[in-house]
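> Coordinates only, no sequence provided:
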Ligand SMILES: Cc1cc2nc3c(=O)[nH]c(=O)nc-3n(C[C@H](O)[C@H](O)[C@H](O)COP(=O)(O)OP(=O)(O)OC[C@H]3O[C@@H](n4cnc5c(N)ncnc54)[C@H](O)[C@@H]3O)c2cc1C
């Protein structure tokens, strides 16, 4: 019997691959090893679970172990892959304190990423969290709730009941710190304010959401202040100080007393498993792969947050740890391993975020230094236009910023911010980038118009018109 397709990691990339593989090759064997209890879960929904908008943790699950079994996937939870031997084509797995060896025909490494806390000291203190995984979400929500009104259902088999009960018994915090003003920090600020907590966001640079560009950053910062969030920009946090529990955030210019701290300063790819193997990593530290997700070792694939992709605009390797990238690459690899090769697709760095009432999106290359490094001569124009016909209720100012290459007129990237369905408009630009459109071509797009949805000239078209004048 042939050795099975072995997948390491039972979430977005791993289970997408296993599902697609079984659909494309119903007679093939696939084994998925997941070191935790949760499988097929939505990290992306966790801020909204903490906020209370999503009621139950199980609402964030997609494919249950039973449904995976029905698809013919041999899914093993609480099984950690502790070694990969690419010469012998086998992995070593640890389960219940025992180790065993599993040979593979093909191997997919879909181990994801982990939240970084260094160099901030004091993270080991009680009530210092990162937001990575459903156990973190459960612990934070338990900690915010009144001990008399527990918020997390510990009867769910997956939930770490001891951990949840530990936090649920504590006096709920009144003041919280978020270290890091990226999208997780911004989403968590909304979640904490929904619980009426004094919320402080500390950001090392001068901008929140810096990959979204200046227009977005400034508007989001103003909006967060309007919502009562205390912003500490240009502030580097050194330590979460206190005794057993976090009591204060110590930064380069002072100290702010808090009762709970969330560190959201970024993620790093989980690649340690591959360190002793010849599988090569890229400059980002994530696994280097080709257009089909193949690593530098035959029969070994990598996908999702632990792997690089190719950038739509620059063609260079890019590490963009986001949900669609993981699902899409996993699915393509499942099909390729089943014998029908499918490219994993490029990434344009398309991202959207909700910050209270505001929405923002970004795509492509918008930073001028990055554009120049990729050989472009960047030019950017920004407009603010209505989201609907001026006379129609709900019309909101929507700011669109577009960047193009001066020489060729090719669109390089853009960002959008506003209140009325602004974020999703970024998909027009993502599509334009995928098709290598020039600014005049974007200007000529036949976008939809009716007063409740858009003005005759969609804000994206207005921005393209203005940028075209500059290019002309
Ligand atoms: C708070 C938060 C909000 C987010 N919001 C968004 C969003 O709005 N939009 C978006 O596009 N993306 C968002 N993301 C990112 C998105 O969730 C990830 O890109 C996606 O989950 C990556 O999927 P993955 O399968 O590569 O990795 P993961 O989802 O991290 O899964 C990897 C799995 O591998 C397992 N594993 C690791 N090592 C081993 C081992 N040695 N043996 C066995 N199992 C192992 C892990 O336990 C884990 O279950 C968010 C992430 C977070 C943390």
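Okay, I see it. All values derive from a computational prediction rather than experimental measurement. Numbering: from 1, shown residues only.
> Enumerate the residues of the protein near the ligand.
Proximity of the chain to the ligand (C-beta under 6 Å from any ligand atom) is limited to residues 8-14, 33-36, 43-44, 46-47, 80-81, 110-113, 131-132, 184, 270, 273, 304-305, 321-324, 326. Just so you know, the C-beta spots here come from the backbone N, C-alpha and C atoms, and that holds for glycine as well.
> Narrow those to those that are buried.
8-14, 33-36, 43, 46-47, 81, 110-113, 131-132, 184, 270, 273, 304-305, 321-322, 326 (16 or more other C-beta atoms under 10 Å).
> how about the helices of the stretch 301-450 of the chain, start to end?
With DSSP state H, counting those that start in this stretch as the criterion, the stretch 301-450 of the chain has helices at 323-337, 368-373, 426-434, 439-443.
> out of the ones you listed, deepest packed?
Of all the helices of the stretch 301-450 of the chain, helix 323-337 has the most neighbours on average by mean count of other C-beta atoms under 10 Å, namely a mean of 24.
> just checking, what packs against it?
Judged by 3 or more C-beta pairs under 8 Å, 6 or more residues apart in numbering; DSSP states H and E, the packing partners of helix 323-337 are helix 12-24, strand 106-109, strand 300-302.
> Looking at the stretch 251-400 of the chain, what residue ends up closest to the ligand?
Shortest the stretch 251-400 of the chain-to-the ligand distance, computed as C-beta to the nearest ligand atom: residue-wise this is residue 304, at 2.1 Å.
> so who does that residue touch?
9, 11, 12, 13, 14, 110, 112, 321, 325, 326, 329, 330 (C-beta atoms under 8 Å, 6 or more residues apart in numbering).
> Out of the residues you listed, which comes closest to residue 463?
residue 325 (25.9 Å; C-beta to C-beta).
> what's the distance between the residue lying closest to that closest one once chain neighbours are set aside and residue 415?
In space, and not counting its chain neighbours, residue 325 is closest to residue 347: 5.4 Å by C-beta to C-beta, 6 or more residues apart in numbering. Noted for residue 347: a distance of 16 Å to residue 415, by C-beta to C-beta, to the nearest Å.
> Check residue 163 too.
39 Å.
> Looking at the two, which has the bigger crowd around it?
When neighbours are counted by other C-beta atoms under 10 Å, residue 415 comes out ahead of the other of residue 163 and residue 415, with 29 against 16.
> Check the contact between that one and residue 360; I expect there is one.
Yes - contact criterion C-beta atoms under 8 Å: residue 415 and residue 360 qualify, at 7.0 Å.
> Need the residues touching each of these two.
212, 216.
> can you give me the helices in the stretch 101-250 of the chain?
134-144, 161-168, 183-194, 214-226.
> Please enumerate residues in contact with the first one?
Outside of helix 134-144, the residues that reach it under the criterion C-beta under 8 Å, 6+ apart are 36, 38, 41, 46, 49-50, 52, 57, 60, 127, 129-131, 150-152, 158-160, 163-165, 167-168, 170, 172-173, 192, 195, 197, 260, 262.
> Quick check: ChimeraX command selecting the buried ones in those residues.
Buried residues within these, by 16+ other C-beta under 10 Å, are selected in ChimeraX with:
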select :36,38,41,46,49,50,57,60,127,129,130,131,151,152,158,159,160,163,164,167,168,170,172,173,192,195,197,260,262
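> So which of the contacts of helix 134-144 belong to strands?
129, 260, 262 (DSSP state E).
> is the first one in a bridge, and if so with what?
The residues paired with residue 129 through beta bridges, assigned by DSSP bridges, are residue 262.
> List the contacts of it.
Contacts for residue 129 were tallied using C-beta under 8 Å, 6+ apart; they are 136, 139, 140, 260, 261, 262, 263.
> Now do the last one, the pLDDT please.
If I follow you right, that is residue 263. At residue 263, the model reports a pLDDT of 98.
> Count the neighbours of it for me.
The local packing of residue 263 (other C-beta under 10 Å) involves 25 other residues.
> can you map out the strands along the stretch 201-350 of the chain?
Ranges of strands within the stretch 201-350 of the chain are 230-232, 237-242, 246-251, 254-257, 260-263, 267-269, 300-302, 309-310, 317-318, based on DSSP state E, counting those that start in this stretch.
> who touches the residue in the stretch 51-200 of the chain that the ligand sits nearest to in this structure?
The nearest approach of the stretch 51-200 of the chain to the ligand comes at residue 112, 2.3 Å away (C-beta to the nearest ligand atom). Residues near residue 112 by C-beta under 8 Å, 6+ apart: 9, 11, 13, 269, 270, 304, 305, 306, 326.
> how about CSV for the residues you listed, with pLDDT added?
As requested, these are exported to CSV (pLDDT from 0 to 100):
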residue, pLDDT
9, 98
11, 98
13, 98
269, 98
270, 98
304, 98
305, 98
306, 98
326, 98
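> Looking at those, which two lie furthest apart in space?
Maximum pairwise distance in the contacts of residue 112, criterion C-beta to C-beta, is 14.0 Å, between 11 and 269.
> Name the residue closest to the centre of the chain, please.
In the chain, the residue lying closest to the centroid (C-alpha atoms, centre = their mean) is residue 322, at 3.8 Å.
> burial of the nearest residue to that one once chain neighbours are set aside, as a residue count?
If the residues on either side of it in the chain are set aside, residue 322 comes closest to residue 351, at 6.5 Å by C-beta to C-beta, 6+ apart. Residues near residue 351, counting by other C-beta under 10 Å, number 19.
> swap in residue 455?
Residues near residue 455, counting by other C-beta under 10 Å: 21.
> which residues touch it?
So residue 455 contacts 385, 386, 387, 388, 389, 390, 395, 449 (C-beta under 8 Å, 6+ apart).
> thought the last one was touching residue 456?
Yes - between residue 449 and residue 456 a contact is recorded at 5.2 Å, counting by C-beta under 8 Å.
> between these two, which one's more packed in?
Taking other C-beta under 10 Å, residue 449 and residue 456 do not tie; residue 449 has more neighbours (14 against 10).
> what separates that one from the ligand, distance-wise?
Going from residue 449 to the ligand by C-beta to the nearest ligand atom, to the nearest Å gives 29 Å.
> Name all residues that make contact with that residue.
455, 456, 458 are the contacts of residue 449 under C-beta under 8 Å, 6+ apart.
> Please apply the same query to residue 231.
Residue 231 touches 181, 201, 203, 208, 221, 224, 225, counting by C-beta under 8 Å, 6+ apart.
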